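return atomic coordinates for the entry below.
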Amino acid sequence: MKKIGILFGQERSFPQAFVNKVNELEGTEIVAEFVNINKVFQGETLGYDVIIDRISQDVSFYRAALKNAAITGTAVINNPFWWSADEKFFNNALALKLGIPVPKTALIPSHARPDDTTGESFSNMAFPLDWEGIFGYVGFPAYMKPFDGGGWKEVYRLEDAADFFHKHSLTNQHVMMLQEEIIFDEYFRCYCIGGKYVRIMQYEPRNPFHLRYAVEHPPSSEKLLATIHDYVIKLNQHLGYDFNTVEFAVKDGIPYAIDFCNPAPDAEVSSVGQDNFDWVVETAAKYAIERAREHVSGQDNLTWGEYLKSSIVKPGARPVIKLKQEIQKQVPENKSPLKQANTTAKKPAGTSVNTPAGATAEQSSGTTDKKTSGMTAKKQITANGTGKKPASDKKK
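The predicted model follows:
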């Protein structure tokens, strides 16, 4: 019997409905339950063929446990290694490469220096930054939000440069993005499950939270919906997310991808509404069952995105295994250090194969700066952009 688990935090309606749906659809050869963890040993399985992850972004212990589960063969949804590496600013850059419209966005260093750094840690950062160029590129009004955040936390609307410097001074150690405001005519939030199942939902982010899916007018055109559908598939297949949402702000008929790094998207019935809730429960259950059926014990069962897969072996590059074989061909068998020690053939003393020199743990850990982002090259850039250090700016 194969087993599907769901790992979750404070949410209640989706996890229970998901388990019920899987057991309703299967229940004999495949069963679902809440994940139960009482110990985690290195390289040992948690006992699940598939785990739906809804909480590890907030609980580091769970993220580490899921990586360990993945290496034992569990299909973790979403891939915990990629989720750990991904962030919103990279998402925007990838969307541009894929030809998907996104707002103009600039990366902004944190206002306060990271822990265990000094002004000397930022030797490669210009002082001051080219604020005129940054503001000219993005324009105002604009939005500022964490480059790797979510849940509408630390999101600011900015009217002008003075407003930016004031609100940026409140962000402490968060690395931020400054993003062009899109004055939209329509807005959509889209579930994507398995990189193939899409639910396009009308959405109004300016409404109170419980009314954001309550939109009275219909979408403007079927052509727009088809374009959004294609963009959702393309983004999620390249990112490698099994369970994600993508948001689009539509201006003058053009859908701009606004936010598409939501690997634990809202699925509570009280916010998404009954119809959307029923769809996401059933589709997630069916997809988890698909993955359980495809699961092969003892091998990697994770989803890896097209971006990462295409980066491993680039066009024209020699695969690693082929390169290894070529190296072996260049070394006669009797010149192996091990075999040479057991042969009577007379060879000069220096003919053993040279292995690449590797840095020791002590050598590779010799850096003194644990993090390298910040607002300064030598000093702290302040809210007014002058470089004078405010009295309240203390090293953490």
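
low pLDDT regions in the chain?
151, 313-396 (pLDDT under 70).

residue 302 reaches residue 79, doesn't it?
Yes: Residue 302 is in contact with residue 79 according to CB atoms under 8 Å; the separation is 4.6 Å. All C-beta atoms are positioned from the backbone trio N, CA, C, and that covers glycine.

where do the contact lists of these two overlap?
Shared contacts of residue 302 and residue 79, defined by CB atoms under 8 Å, 6 or more residues apart in numbering, are found at residue 70.

ok, the two, which is more surrounded?
residue 79 (26 against 19; other CB atoms under 10 Å).

if I look at that one, how far off is residue 85?
To residue 85, residue 79 is 10 Å away according to CB to CB, to the nearest Å.

how about residue 177?
Separation of residue 177 from residue 85 (CB to CB) stands at 17 Å.

looking at the two, which has the bigger crowd around it?
Legend: neighbour count by other CB under 10 Å for residue 177 and residue 85, higher for residue 177 (22 against 10).

secondary structure element for residue 117, which one?
Using DSSP states H and E, residue 117 sits in no helix or strand.

hmm, who's touching stretch 302-313?
Contacts to stretch 302-313, defined as CB under 8 Å, 6+ apart, come from residues 70, 75-79, 81-82, 94, 195, 237-242, 319-320.

quick check, central residue of this protein?
The residue lying closest to the centre of the chain (CA atoms, centre = their mean) is residue 86, at 2.8 Å.

how about the residue lying closest to that one once chain neighbours are set aside, what does it touch?
Leaving aside its chain neighbours, residue 86 sits nearest to residue 261 (5.9 Å; criterion: CB to CB, 6 or more residues apart in numbering). Residue 261 is in contact with 86, 87, 88, 91, 148, 150, 239, 244, counting by CB under 8 Å, 6+ apart.

picking that back up, and the residue nearest to the centre of the chain, what does it touch?
Counting by CB under 8 Å, 6+ apart, residue 86 makes contact with 239, 261, 263.

measure the residue nearest to the last one when sequence neighbours are not counted to residue 143 for me?
What it means is residue 263. Distances taken as CB to CB, 6+ apart place residue 78 nearest to residue 263, at 4.4 Å, with adjacent residues excluded. Separation of residue 78 from residue 143 (CB to CB): 25 Å.

so for those two, which sits in the more crowded spot?
Neighbours were tallied for residue 78 and for residue 143 using other CB under 10 Å; the higher tally belongs to residue 78 (24 against 19).

show me what contacts the more buried one?
Here residue 78 is in contact with 53, 240, 241, 242, 243, 244, 263, 303 (criterion: CB under 8 Å, 6+ apart).

I'd like the distance between the residue nearest to the fourth one when sequence neighbours are not counted and residue 291.
The one in question is residue 242. Closest residue to residue 242 apart from its sequence neighbours, by CB to CB, 6+ apart: residue 77 at 4.3 Å. Applying CB to CB, the value for residue 77 to residue 291 is 7 Å.
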